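> Everything below, folded, please.
(one chain, ligands or ions: 1)
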Amino acid sequence: MIEVTEWVESNNLKTSEGLFYTVVGNSTVGLKETTDLVSGRYEGGLKLWECSLDLTKYLQTLSIIPARVLELGCGHGLPGILCAQKGSSVYLQDYNEEVIRHVTGNNVIRNGVKDRCKLFYGPWGDLSNLGSFDLVLTSETIYNPEYYPSLLTAIRTSQARCCLVACKNYYFGVGGGVELFAKSAEDFGFSTQTLLRIDDIASTRYILELTPKY
Ligand SMILES: C[S@@+](CC[C@H](N)C(=O)[O-])C[C@H]1O[C@@H](n2cnc3c(N)ncnc32)[C@H](O)[C@@H]1O
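Numbers count the residues shown, from 1 in each chain. Predicted coordinates for the structure are as follows:
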């Protein structure tokens, strides 16, 4: 687990839900986002992706938020941070240490939920001994079908009765997409249900619910 202490005051914007997030790329934070992904090295966590805002908005409409929440591939971590603001104890995971330290950590502190969040980094294949969770959240993490087994194993390891996956219809150039992921999840022992479909000019996006059949 990473201890976060840093908040870079000059470097925050606010979403329409009132959550602060760190703007990456200027000299204060010292990180530069020059490409969306470098497979196996940098997995996109510096950027705030659209579906995480969809998931944050969706979570805001729920009257009950579970006690223990895990956000996988959190990047900025806004869905998890919203749950923490509603009282959940939240674990935030990203692939990259620098994302967790300088972006997620900054957002956790700026949004006043440091005491309710635990932050850690590393590949999904390494997740274990975190205890059990009530809810798993994940956004824009299904772009690469090669990662489905480790992502689905991490969801299963969490023992959560519900996982919300915010994603796009299809990820051009990488090959993942909602249909392929839902099929893999079903093969892995989950039931899948579309809770929300969002059509706009740029993309069709979904919030899927996975529940274990086992
Ligand atoms: C496209 S980013 C999405 C970030 C954030 N959830 C959002 O929607 O703004 C994908 C995230 O998935 C995580 N990720 C991708 N592959 C991973 C892997 N094999 N193991 C662990 N995390 C991974 C990375 O941490 C990265 O931040």
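> Just want to check the distance between the residue most central in space within the chain and the ligand.
The residue lying closest to the centre of the chain (C-alpha atoms, centre = their mean) is residue 74, at 3.2 Å. As judged by C-beta to the nearest ligand atom, to the nearest Å, residue 74 and the ligand stand 5 Å apart. Quick note: C-beta positions are derived from backbone N, CA and C, even for glycine.
> same check, this time on residue 3
Residue 3 is 19 Å from the ligand, by C-beta to the nearest ligand atom.
> Could you report the pLDDT at that residue?
Reading off the confidence values, residue 3 has pLDDT 77.
> same thing with residue 75?
The predicted local confidence for residue 75 is 95.
> how many neighbours does it have?
The tally of other residues near residue 75 (other C-beta atoms under 10 Å) stands at 27.
> Would you confirm that it belongs to a helix?
No: counting by DSSP: H, G, I helix; E, B strand; the rest coil, residue 75 is not part of a helix but coil.
> Now do the same contact list for it.
44-49, 52, 94, 99, 103-104, 139-140 (C-beta atoms under 8 Å, 6 or more residues apart in numbering).
> repeat for residue 117
Contacts for residue 117 were tallied using C-beta under 8 Å, 6+ apart; they are 77, 80-81, 84, 90-92, 108.
> How about residue 120?
By C-beta under 8 Å, 6+ apart, the residues touching residue 120 are 1-2, 91-93, 100.
> so how far is residue 4 from it?
According to C-beta to C-beta, to the nearest Å, residue 120 and residue 4 sit 11 Å apart.
> Could you check how far stretch 152-160 is from the centre of its chain?
14 Å (C-alpha atoms, centre = their mean, to the nearest Å).
> can that stretch be found next to the ligand?
No: figure legend: stretch 152-160 not in contact with the ligand (C-beta under 6 Å from any ligand atom); closest approach 7.9 Å.
> returning to what we had before: mind checking what secondary structure the residue lying closest to the residue nearest to the centre of the chain once chain neighbours are set aside has?
Distance criterion C-beta to C-beta, 6 or more residues apart in numbering; nearest residue to residue 74, sequence neighbours excluded, is residue 92 at 4.4 Å. Under the three-state scheme (three-state DSSP), residue 92 adopts strand.
> what sits opposite residue 92 in the beta ladder?
When assigned by DSSP bridges, residue 92 has beta-bridge partners residue 71, residue 119.
> start at 178 instead
New numbering, starting at 178: the last item is residue 269.
> pretty sure it contacts residue 285?
Yes: contact criterion C-beta atoms under 8 Å: residue 269 and residue 285 qualify, at 7.2 Å.
> which one of these two has more residues nearby?
residue 269 (31 against 27).
> got a list of what the more buried one touches?
Contacts of residue 269 by C-beta under 8 Å, 6+ apart are 248, 251, 254, 257-258, 277, 281, 285, 294-297.
> does the closest residue to residue 313 other than its chain neighbours count as helix, strand or coil?
Among residues not flanking residue 313 along the chain, residue 340 sits closest, at 4.0 Å (C-beta to C-beta, 6+ apart). Three-state assignment for residue 340 (three-state DSSP): strand.
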